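Asker: Test case, fold it:
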Amino acid sequence: MNPSRSLLASLAFVAIALAAVVWLYPALPARVPVHWNLNGQPDGYRSRFWGAALPVALMAGWAVLVWLLPRISPKGFELSRFAPVYGLLMLIVQAFVLVTLLAGLLASAGYAVPHWKVSMLSLGALLMVLGNFMGKLRKNFFIGIRTPWTLASDAVWERTHRVGGWLFLGAGMLVVLAVVMGGPRWLPIALVLLTALGCALYSLWIYRRIEGR
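Answerer: The predicted model follows:
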């Protein structure tokens, strides 16, 4: 996907968020939940205005990033080297954020939307898509598995993202399975953290192996 189409699609997500907020605003309570604990109970609130404005602000901020990041990439780390993959992944992440925020707003407005389940299923799908494209990312400072060791070596970056792609794909499948099977609520978060830790440790291990240190 070229940059112009990516930006247009990103702005479309902003429009969807704005339309949903305008539609739901009259039904929102005075204090809108914006954070939930592992038991699915709200433990963080904002006023109705800010609770409704947050999704639009996040979508707009992400649209700015879609446009800005390729223009500020330093020499040798240009996003243009994998522009189609970058644009697609940025839109996929933005879609995940949009779905999660809209599920929260619908639940706050009194609709029977299982916010936690929708969010976690979306997270699992996001991880699987990221895993599928991980091996196509090239070294950069903004997207991918960015550790001191992957940024220090093209070979470490490539091998880490090849292995990381499988780890992300497996973690996404396990997250979806855990949600569908009614597993504990902490399990999806634990899987994400373990995947991130596994990728970081692998990058260190493969760096030491390649560099002989």
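Asker: Disregarding flanking residues, what is the spatial nearest neighbour of Ser73?
Answerer: Leu79 (5.0 Å; Cβ to Cβ, 6 or more residues apart in numbering). Placement of C-beta: from N, CA and C, glycine included.
Asker: now Ile210
Answerer: Nearest to Ile210 is Ala155, by Cβ to Cβ, 6+ apart, at 5.6 Å.
Asker: quick one: pLDDT of that neighbour?
Answerer: Note on Ala155: pLDDT of 94.
Asker: buried sites along the host helix or strand of it?
Answerer: Using DSSP states H and E, Ala155 maps to helix 154-180. Neighbour counts using 16 or more other Cβ atoms under 10 Å place 156-161, 163-165, 167-169, 171-176, 178-179 of helix 154-180 among the buried residues.
Asker: Repeat that for stretch 7-24.
Answerer: Applying 16+ other Cβ under 10 Å to stretch 7-24 flags 7, 9-10, 13-14, 16-18, 20-21, 24 as buried.
Asker: Equivalent analysis for stretch 132-140, please.
Answerer: In stretch 132-140, counting by 16+ other Cβ under 10 Å, buried: 133-134, 137-140.
Asker: got the CA coordinates for it in PDB?
Answerer: Taking Å, rounded to 0.1, in the frame of the first residue of the first chain, the C-alpha atoms of stretch 132-140 are listed here in PDB:
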ATOM      1  CA  ASN A 132       2.900 -13.100   9.300                       C
ATOM      2  CA  PHE A 133       4.600  -9.800   8.200                       C
ATOM      3  CA  MET A 134       7.500  -9.700  10.700                       C
ATOM      4  CA  GLY A 135      10.000 -11.200   8.400                       C
ATOM      5  CA  LYS A 136       9.400  -8.500   5.800                       C
ATOM      6  CA  LEU A 137      10.400  -5.600   8.100                       C
ATOM      7  CA  ARG A 138      13.800  -4.000   7.600                       C
ATOM      8  CA  LYS A 139      15.900  -2.400  10.200                       C
ATOM      9  CA  ASN A 140      14.400   0.800  11.500                       C
END
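Asker: coming back round to it: which strands and helices sit next to the helix holding Ala155?
Answerer: Counting contacts by 3 or more Cβ pairs under 8 Å, 6 or more residues apart in numbering; DSSP states H and E, helix 154-180 packs against helix 115-133, helix 148-152, helix 186-211.
Asker: what angle separates that helix from helix 186-211?
Answerer: Between helix 154-180 and helix 186-211, the angle comes out at 160 degrees (axes from the mean of the first three to the mean of the last three Cα atoms, to 10 degrees).
Asker: angle of helix 154-180 against helix 115-133?
Answerer: 150 degrees.
Asker: Use 40 as the first number from now on
Answerer: Taking 40 as the first residue, the last one we looked at is helix 193-219.
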